[in-house]
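Asker: I would like to see how this sequence folds:
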Amino acid sequence: MAQDFSPETESPALLPSSQPGSRPPGITPALSPLPCVTVGKLFLQWAFLSHLSNAPVIPASPSSLGQELSLHLPPSVTGRSWSLAFCTARDGFSLRSLYRQMEGHSGPVLLALKDQDGQRTTKFFPLQTARSSAPQMFGAFSSSEFRLSRGFYGTGETFLFSFSPQLKVFKWTGSNSFFVKGDVDSLMMGSGSGQFGLWLDGDLYHGGSHPCATFNNEVLARREQFCIKDLEAWVLS
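Answerer: Presented below is the predicted three-dimensional model:
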């Protein structure tokens, strides 16, 4: 069972500040819901879900990337179907909206992000500008839904990952239990010495990634601080 941990040494005060409700120029939320096939483009282009379930939610073709990542998921989700609970293309850039979309879900979450610096030409994104050694995408598997919490919660099944372009998975080291923590203005995964493995601000526009003791991870994005281009959260159907 997931538990909340409240370490006094780990504080979101180190996170860069942002104006509540602000949104970068040119970015507006969709006015109406779009089909999963349209907005679920991160995992669709990974062709990922075809390797997570026997009956995928969206049509997908086999992908070596999807096969590799599916091998790291816990046995409890093997053969299960996934559905798109939240995406910035449909639901806008808001952490509060992400929390609202998580209501009613009590299971694991797959989080996929693409930053504005990590654009490169591949068979998945042929129209993007190439940038050498920049991760294509990155994200996390959380054993529990994202929610507001007083302290860290989750289990050792939680992990971080990146494609750069090869898959790298950073699993729990056992050093601490700082898996996930949800605040009104930030979402954090992994911590140690005041740094977070992955954090997102309240506007889901700015984020950061640092090596942390929880996962002994590398920086997931091209830079320690990044701007989010796309974000999706998938839950078990």
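Asker: end to end, how far does stretch 78-97 reach?
Answerer: 28 Å (CA to CA, to the nearest Å).
Asker: State the mean pLDDT of that stretch.
Answerer: For stretch 78-97, the mean pLDDT works out to 91.
Asker: And for stretch 151-161?
Answerer: For stretch 151-161, the per-residue pLDDT averages 97.
Asker: So which residues make contact with it?
Answerer: 2-7, 10, 69, 72, 74, 108, 138-144, 167-172, 174, 177-181, 188-191, 197-198, 215, 217, 220 (CB atoms under 8 Å, 6 or more residues apart in numbering). (C-beta placed from N, C-alpha, C; glycine too.)
Asker: Inside strands: which ones of the residues you listed?
Answerer: 138-142, 167-171, 180-181, 188-191, 197-198 (DSSP state E).
Asker: Among the residues you listed, name the buried ones.
Answerer: Neighbour-count burial (16 or more other CB atoms under 10 Å) applied to these gives 138-142, 167, 170-171, 180-181, 188-191, 197-198.
Asker: Report the lowest-confidence entry in those residues.
Answerer: Where pLDDT dips furthest among those: residue 167, at 90.
Asker: Could you tell me how many residues sit around the closest residue in space to that residue that isn't next to it in sequence?
Answerer: Nearest non-adjacent residue to residue 167, counting by CB to CB, 6 or more residues apart in numbering: residue 68, 4.5 Å away. Using other CB atoms under 10 Å, residue 68 has 16 other residues around it.
Asker: so where's this protein uncertain?
Answerer: Counting by pLDDT under 70, the chain contains low-confidence ranges at 1-66, 117-136.
Asker: all helices of it, in order?
Answerer: Secondary structure of the chain by DSSP state H: the helices cover 36-39, 41-46, 64-70, 88-91, 95-102.
Asker: beta partners for the residue lying closest to residue 88 once chain neighbours are set aside?
Answerer: Leaving aside its sequence neighbours, residue 88 sits nearest to residue 231 (CB to CB, 6+ apart; 4.8 Å). Taking DSSP bridges, one obtains residue 113 as the residues bridged to residue 231.
Asker: Then the one 5 residues further on?
Answerer: As for beta bridges, residue 236 partners with residue 82 under DSSP bridges.
Asker: Not counting sequence-adjacent ones, nearest residue to residue 172?
Answerer: Closest residue in space to residue 172, ignoring its immediate chain neighbours: residue 156 at 4.2 Å, by CB to CB, 6+ apart.
Asker: Any idea how many residues pack against the one you found?
Answerer: Every residue meeting other CB under 10 Å relative to residue 156 is counted, giving 14.
Asker: roughly how far apart are it and residue 202?
Answerer: 28 Å (CB to CB, to the nearest Å).
Asker: same question, residue 222
Answerer: Distance from residue 222 to residue 202, by CB to CB: 23 Å.
Asker: What of residue 223?
Answerer: From residue 223 to residue 202 the distance is 20 Å (CB to CB).
Asker: Of those two, which one has the most company?
Answerer: Taking other CB under 10 Å, residue 223 and residue 202 do not tie; residue 202 has more neighbours (23 against 13).
Asker: was I right about the more buried one contacting residue 182?
Answerer: No. Counting by CB atoms under 8 Å, residue 182 is not a contact partner of residue 202; they are 10.9 Å apart.
Asker: ok, back up a step: the residue nearest to residue 88: neighbour count?
Answerer: Neighbours of residue 231 (other CB under 10 Å): 24.
Asker: Please give me every residue in contact with it.
Answerer: Per CB under 8 Å, 6+ apart, neighbours of residue 231: 86-88, 111-114, 200, 204.
Asker: and residue 217, what does it touch?
Answerer: 160, 170, 190, 197, 209, 211.
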